[in-house]
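**Student:** sequence and predicted model, in that order:
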Amino acid sequence: MDDTEHQLLRSLLQQQSVAALATLHQGEPAVSMVPFAQLPGGGGFVIHVSRLATHTGDMLAHPGVALLVTAAPDAAPTPLALPRASIQGRARPCAPESDEHALARAAYLAKLPDALELFSFGDFSLFVIEPESLRFVAGFGRAMSFTGERLRAALAPESLP
């Protein structure tokens, strides 16, 4: 990944506010839309979901999930050239009494300030998706995969892999 591609990935994850969330629902794949934010330093992704949503139960039953973040349709001349990142990881509840909760809440609200009211709803809670791998398509024919230390470096805003 060169400097330009790293900047494109950072911009994509910072500027886009929604992702497709893939979960396993009763043994079958299911996809829904979720607003998301990144934890500082690229340590994970934060989503704020309702207990009433199917995907919440899915994550509790089977924490293996994927997020797909795609650039806006006008960001490329063809849909095949749209920058996009597919993140595979493990979802876990972020308990209100945990040390991480305040950090996750702050990151989420910094990106999605209109969601503040939802934090007063009793059925909403934060989940953190800890990334295990990432497939980044920087444009048509420009794809790369990351795991382990290279993944952490790719997601960290201050460093390059």
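**Tutor:** Looks like it arrived, so ask away.
**Student:** measure the residue lying farthest from the centre of the chain to Gly139 for me?
**Tutor:** The centre of the chain is farthest from one residue, Pro77, which by C-alpha atoms, centre = their mean lies 24.9 Å away. Using C-beta to C-beta, to the nearest Å, we find Pro77 at a distance of 10 Å from Gly139. C-betas here are computed from N, CA, C, even on glycine.
**Student:** so what sits against both of these two?
**Tutor:** Shared contacts of Pro77 and Gly139 (C-beta atoms under 8 Å, 6 or more residues apart in numbering): none.
**Student:** now the helices for this protein?
**Tutor:** Along the chain, the stretches classed as helices by DSSP state H are 3-15, 54-61, 99-111, 148-155.
**Student:** tell me how far the residue farthest from the centre of the chain lies from Leu12.
**Tutor:** Separation of Pro77 from Leu12 (C-beta to C-beta) stands at 17 Å.
**Student:** likewise Asp74?
**Tutor:** 14 Å.
**Student:** of the two, which one has the most company?
**Tutor:** Between Asp74 and Leu12, counted using other C-beta atoms under 10 Å, Leu12 has the larger neighbour count: 21 against 7.
**Student:** ok, the more buried one touching Leu82?
**Tutor:** No. Between Leu12 and Leu82 there is no contact under C-beta atoms under 8 Å: 9.7 Å.
**Student:** with that, I have no additional questions.
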